[in-house]
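S.K.: I would like to see how this sequence folds:
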Amino acid sequence: LPLLSESVVGRLGEEKALRLLQSMADDKSLNQLKAFQSKTDAKWTIRWVNAVKETGSPFDLECVYPTGQKVYVEVKSTSSSDKVNFEISTAELMLARDSEPSDQEDPDAPHVRYVILRVYLGSGIVDLVDRPWMLLESKGAQLYMRL
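M.R.: Got it, this is the predicted structure:
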């Protein structure tokens, strides 16, 4: 890919993620991903919160199931094929933490989940990071701070 600004890379990644999730919602394959599993065979609705302009929300896509279940998707895009690190805001981390399932969670109640979709625009690869807060807590990922 030619050299693109961060905002263009971000927008292209969000568009790719939106098309991918909509396609998976249409053919019901989205229901097979752990964060999106449901007890019925209904269709997910995917909403791009930044469709008109960047909102500053801690997620880019809101996926809603007819039963009330929600999955917030934060898209992290890169034009590089091998850049494994990405920036994450405090608001994104806090929503990831607050979306973690609790031991007392009623399995039949609608729930909220938070996932990160890592989009590699150069290669077309998309990685799903389910439960990023738990991944950090279990040391499956590392958090870096740059000053």
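S.K.: then stretch 53-64 to CSV, C-alphas only?
M.R.: In CSV, the C-alpha atoms belonging to stretch 53-64 read as follows (Å, rounded to 0.1, in the frame of the first residue of the first chain):
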residue,chain,number,x,y,z
LYS,A,53,-17.2,11.3,11.2
GLU,A,54,-14.9,10.1,14.0
THR,A,55,-16.9,10.1,17.2
GLY,A,56,-14.2,9.5,19.8
SER,A,57,-16.2,6.5,21.1
PRO,A,58,-14.2,3.6,22.6
PHE,A,59,-15.5,1.3,19.9
ASP,A,60,-16.0,1.6,16.1
LEU,A,61,-18.7,-0.9,15.5
GLU,A,62,-21.7,-1.8,17.6
CYS,A,63,-23.1,-5.3,16.9
VAL,A,64,-26.6,-5.9,18.3
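S.K.: any idea which element the residue positioned nearest the centre of the chain lies in?
M.R.: With distances taken as CA atoms, centre = their mean, the chain has residue 73 as the residue nearest its mean C-alpha position (2.5 Å). Element membership for residue 73 (DSSP states H and E) is strand 70-78.
S.K.: repeat for residue 42
M.R.: Of the helices and strands defined by DSSP H and E, none includes residue 42.
S.K.: So it sits against residue 65, correct?
M.R.: Yes - between residue 42 and residue 65 there is a contact under CB atoms under 8 Å: 6.4 Å. C-betas here are computed from N, CA, C, even on glycine.
S.K.: Looking only at neighbour counts, state which of these two leads.
M.R.: Set residue 42 next to residue 65 and count neighbours by other CB atoms under 10 Å: residue 65 wins out with 22 against 14.
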